[in-house]
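[1] I would like to see how this sequence folds:
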Amino acid sequence: MQPRVIEVGLSRGVVNKRIGQIKRAFKWTVAEELVSANTYHGLQPAVGVVDALNMTVPGYCAQLSAKKGGETVKVPQYSL
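    Numbering: from 1, shown residues only. This next block holds a predicted model:
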């Protein structure tokens, strides 16, 4: 999806704004009882951004290390 977003010229800010609008629309439909709360909660991510980074970045760093012939690559830890 990212290449398509770049292709049509949407910035990260525009994409985030549109996603925010969609989230608010879903919250409104739950408040108006047009959609069940279970549906809304089912759309929430399973893990937060920080947890997702801490789970995926080590794999990326391992791949980067392998490409550099086993050179040590520091694995960052993210927090809020």
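
[2] what residue is smack in the middle of this structure?
    V49 (6.1 Å; C-alpha atoms, centre = their mean).

[3] what does whichever strand or helix holds V30 contact?
    Per DSSP states H and E, V30 falls inside helix 12-31. With C-beta atoms under 8 Å, 6 or more residues apart in numbering as the test, helix 12-31 has contacts from 5, 35-37, 39-40, 43. Where you see a C-beta, it was placed from the backbone N, CA and C, and this is true even at glycine.

[4] Just the buried ones out of those, please.
    Buried members of these, scored by 16 or more other C-beta atoms under 10 Å, are V35.

[5] Now the element after the helix holding V30, going C-ward?
    Following helix 12-31 in sequence order, the next helix or strand is helix 37-42 (DSSP H and E).

[6] Dump that next one to PDB, keeping only the CA atoms.
    This file holds the C-alpha atoms of helix 37-42, laid out as PDB (Å, rounded to 0.1, in the frame of the first residue of the first chain):
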ATOM      1  CA  ALA A  37     -18.800  -1.900  20.200                       C
ATOM      2  CA  ASN A  38     -17.300  -5.300  19.400                       C
ATOM      3  CA  THR A  39     -16.900  -4.400  15.700                       C
ATOM      4  CA  TYR A  40     -15.100  -1.200  16.700                       C
ATOM      5  CA  HIS A  41     -12.800  -2.900  19.200                       C
ATOM      6  CA  GLY A  42     -12.100  -5.600  16.600                       C
END
